[in-house]
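S.K.: I would like to see how this sequence folds:
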Amino acid sequence: MGIVKSRQPRKKRKFLYNAPLHLAGKFRNAHLSKELRAKMKKRAVRIRKGDTVKIMKGKFRGISGKVLAVLAAAVNVEGAVVKKIGGKEIPVAIPASNLVITQMVERK
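M.R.: Take a look at the predicted model:
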């Protein structure tokens, strides 16, 4: 996970949320699809809002959608929502490592 020497989950979590920016960006990397990997000659890049991703693990496996928001180390994806009793839909935070980027927004 980085520079954390402890094994305690609470300390790793604290490091994740308080990490310096040059390290925090690395937590938001996701693998590229085979087509993008051949084109970009890279395996993984940082996720950005607007990218189209496919969820590879977890309850929402198989869902493809646009990235709505990028959080500390997780991402909100269009279509990955939990419906509450009142009918309100709440986006679920998916870890960036569980995603594959299928289409990217323009990068500089």
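
S.K.: alpha carbons only for contacts and neighbour counts from here, please
M.R.: Fine.

S.K.: where does the protein have low pLDDT?
M.R.: Judged against pLDDT under 70, the low-scoring parts of the chain cover residues 1-2.

S.K.: which residue is nearest the middle of this structure?
M.R.: Closest residue to the average C-alpha location of the chain: residue 96 at 2.3 Å, with CA atoms, centre = their mean.

S.K.: can you list the strands that the helix or strand hosting residue 67 pairs with?
M.R.: Here residue 67, judged by DSSP states H and E, is contained in strand 64-70. Under the criterion DSSP bridges, strand 64-70 sits next to strand 52-55 (antiparallel), strand 74-83 (antiparallel) in its sheet.

S.K.: helices or strands up against whatever helix or strand comes next after the last one?
M.R.: What that stands for is strand 74-83. Using DSSP H and E, the helix or strand that directly follows strand 74-83 along the chain is strand 89-95. Other elements packing on strand 89-95 under the criterion 3 or more CA pairs under 8 Å, 6 or more residues apart in numbering; DSSP states H and E are strand 74-83.

S.K.: hang on, the earlier thing: which one of the strands paired with strand 64-70 is the most hemmed in?
M.R.: With neighbours defined as mean count of other CA atoms under 10 Å, these peak in mean count at strand 52-55, which reaches a mean of 23.

S.K.: separation between residue 88 and residue 74?
M.R.: Residue 88 is 21 Å from residue 74, where distance means CA to CA, to the nearest Å.

S.K.: same check on residue 15?
M.R.: Separation of residue 15 from residue 74 (CA to CA) stands at 15 Å.
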